[in-house]
Each structure stands twice: as structure tokens, then as C-alpha cells.
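# Output the structure for:
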Amino acid sequence: MDEIVQQLFMFMFNDPTHGGMVALVLLICLSAIWLIDRKDKEYKTDMKEMLDQYQKQRDDNHKDLMEIIQKYQEGQISMIQALNEIKILLATVGAKL
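Numbers count the residues shown, from 1 in each chain. From the prediction side, this is the model:
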């Protein structure tokens, strides 16, 4: 690739007429293609990093939500057990009256 660029530069400076202009246009096109390719690679890398961060955050949020649901369920079970104990106590008191 470097040899091609060097030959285009030499051709451009040795023959500044029509051939030199063609070489200049080719150099500009090659530079634009190289720049677009580099930016595309950077974009893909950035998108991959952002996706990884999003997935990690989503997993953390899911874990936190599952912990909250678990605590809620434990609280509901404790409340049901307490209500059942109150019912037993009331039934015992009612039976003694």
C-alpha cells in the first residue's frame, strides 16, 4: 500500500498535467476510504463498549429488582403467618369464653 502511495506521489510530481491530476484524485479517494474505514472501526468499538455497559447495568438492575421482590415475598409470608397466629389466638380465646 505504501508503494502505491509513493508511486502516485512521484507520478503526480513528475507529470503535473492530466496524469498528475488523476494521481491526486486517486490519493484523495484512497485517503477518504482510509478515513471512513478508521471511523467505522472506532464506531463499532464504541458501540460494543456501550452495549457491554448497558448489559452490565441491566443485569445489575435485574438483580436489584429480584432482591426487592424476594424481600416483598418474605414480608408477605411473615404477615400471613402473623395473621394466622392472631386467628388461632382469637379462636382459642373464643373457645374459652
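# Can you name the helix or strand that the residue most central in space within the chain falls in?
The centroid of the chain falls nearest to residue 51 when counting by Cα atoms, centre = their mean (1.1 Å). For residue 51, the element it lies in under DSSP states H and E is helix 18-96.
# Can you get me the start-to-end distance on stretch 11-22?
Taking Cα to Cα, to the nearest Å, the first and last residues of stretch 11-22 lie 9 Å apart.
# re earlier: show me what the helix holding residue 51 packs onto, helices and strands only.
Judged by 3 or more Cβ pairs under 8 Å, 6 or more residues apart in numbering; DSSP states H and E, the packing partners of helix 18-96 are helix 2-14. For glycine as for every other residue, the C-beta is placed from the backbone atoms N, C-alpha and C.
# Which positions within the helix it packs on qualify as buried?
8, 11, 12 (16 or more other Cβ atoms under 10 Å).
# Distance to residue 45 and pLDDT added to the residues you listed, as CSV?
What follows is the buried residues of helix 2-14, written out as CSV (distance: Cβ to Cβ, whole Å; pLDDT from 0 to 100):
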residue, distance to residue 45, pLDDT
8, 30, 70
11, 36, 70
12, 34, 71
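# still on that earlier bit, hey, what's the angle from the helix holding residue 51 to helix 2-14? Just curious.
140 degrees (axes from the mean of the first three to the mean of the last three Cα atoms, to 10 degrees).
# can you tell me the average pLDDT over stretch 36-52?
Stretch 36-52 carries an average pLDDT of 97.
# So what's the gap between it and the chain middle?
Here stretch 36-52 is found 11 Å from its chain centre; the criterion is Cα atoms, centre = their mean, to the nearest Å.
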